[in-house]
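Visitor: Sequence and predicted structure are below.
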Amino acid sequence: MKDRDDFFSSTRPGDKVTHGTATFELPILYFHDEVFGLLYGADFRKVQALMPSDRLHPVRLPGGRAIVAIFAMNYLETTAGPYGELAVAVPVVHGSRPPFPLIPLIMEAGYPGFGLLILHLPVTTLVARDGGRGVWGYTKFTSDMLFTLTPEFMECRLSEEGTYILTLRVARQGMALRDRRPLVTYTVKEQRLIRTTIPQKGTQRLALRPRDSFLELGDHPVAASIRELGLSDRPFISRYYMERSGILPKGEVIEEGVHTLEGYYGHEREGTIETRYIV
């Protein structure tokens, strides 16, 4: 408990903000969540074409492929209320083009300019959508999520009003690693590139060439946009957290006059979330 108190110390009182249906205090505190995801190789030219700035460079794999990360987050306890989220993102470097493949991904926050460019970020509440778009320009839309967690795997099924989008399943395998590196995201709001540095702490398991982990895509427009990136048949890394906490502050504008990156808007509705624990 003391470690948790130390991590969140000096975060309150924060700044109260209102965007649409959302009124909350910044930074948002994430006390307890379930996070898991996969990394795939992708067509470099198609991924590069999505970059809103010439100073954003997709991280390459050996052989020249780009990387697409897909992670599901079940936020069980936060100061903005519980909700689900799924990120489709590209590991990038802002600034100089990396001279070697994979090194920025291995170093993550230790590599200058490393972060994740967020392409899609469906959530399950209007508060999360309005707050995310209003403060950071996160490409959020409301959706429906079914989380299934068993001793063998963690899974998220994503849909929108009955239209199937995708299923993400991550097998519980890999080496355990302590993680205190911040998560860095890049987003665009009103043609401004925003970098947000999110302190986090937790313990994750990481597996190379994981077995029994997969991404299945449906016929939804978001699924089609992911499919168009030419993902590899299998993921090359899986990650899931056994425990994790985070602090989401306001981001900083690092470039003006970049291209828009608004993502899919979806419909004006509350989403749904259901979690099934199977032992």
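Guide: Nice, I can see it.
Visitor: Give the closest residue to the residue nearest to the spatial centre of the chain in space, chain neighbours not counted.
Guide: Centroid-nearest residue in the chain: Ala87, 3.5 Å away (criterion: CA atoms, centre = their mean). The shortest distance from Ala87 to any non-neighbouring residue, by CB to CB, 6 or more residues apart in numbering, is to Phe71 (4.9 Å). Every C-beta, even on glycine, is put in place using the N, C-alpha and C of the backbone.
Visitor: got it, and Gly81?
Guide: The nearest residue in space to Gly81 (CB to CB, 6+ apart) is Val127, at 6.3 Å.
Visitor: swap in Ser53?
Guide: Val258 (4.5 Å).
Visitor: Pretty sure the one you found sits against Arg192.
Guide: Yes: using CB atoms under 8 Å, Val258 is in contact with Arg192, at 7.0 Å.
Visitor: wait, doesn't Thr185 sit right on Phe114?
Guide: No: judged on CB under 8 Å, Thr185 makes no contact with Phe114 at a distance of 10.9 Å.
Visitor: between Val258 and Arg192, which one's more packed in?
Guide: Taking neighbours as other CB atoms under 10 Å, Val258 and Arg192 compare with Val258 leading, 21 against 17.
Visitor: Contact partners for the more buried one?
Guide: The contact partners of Val258, by CB atoms under 8 Å, 6 or more residues apart in numbering, come to 52-53, 188, 191-193.
Visitor: what's the closest of those residues to Gly14?
Guide: Gly14 lies nearest to Arg192 out of the contacts of Val258, by CB to CB, at 22.3 Å.
Visitor: How much space separates Leu193 from Tyr186?
Guide: According to CB to CB, to the nearest Å, Leu193 stands 6 Å off from Tyr186.
Visitor: Could you do Arg129 as well?
Guide: Separation of Arg129 from Tyr186 (CB to CB) stands at 19 Å.
Visitor: same check, this time on Glu228
Guide: When distance is defined by CB to CB, Glu228 is 21 Å away from Tyr186.
Visitor: Compare those two and say which is more crowded by neighbours.
Guide: Neighbours were tallied for Glu228 and for Tyr186 using other CB under 10 Å; the higher tally belongs to Tyr186 (28 against 11).
Visitor: Can you spell out which residues form a bridge with that one?
Guide: Taking DSSP bridges as the rule, Tyr186 bridges to Leu117, Arg195.
Visitor: any idea how far it is from Val92?
Guide: 6 Å.
Visitor: where do the contact lists of those two overlap?
Guide: Counting by CB under 8 Å, 6+ apart, the contacts common to Tyr186 and Val92 are 56, 115-117.
Visitor: just those now: which is nearest Tyr30?
Guide: Using CB to CB, the shared contacts of Tyr186 and Val92 come closest to Tyr30 at Leu116, 16.4 Å.
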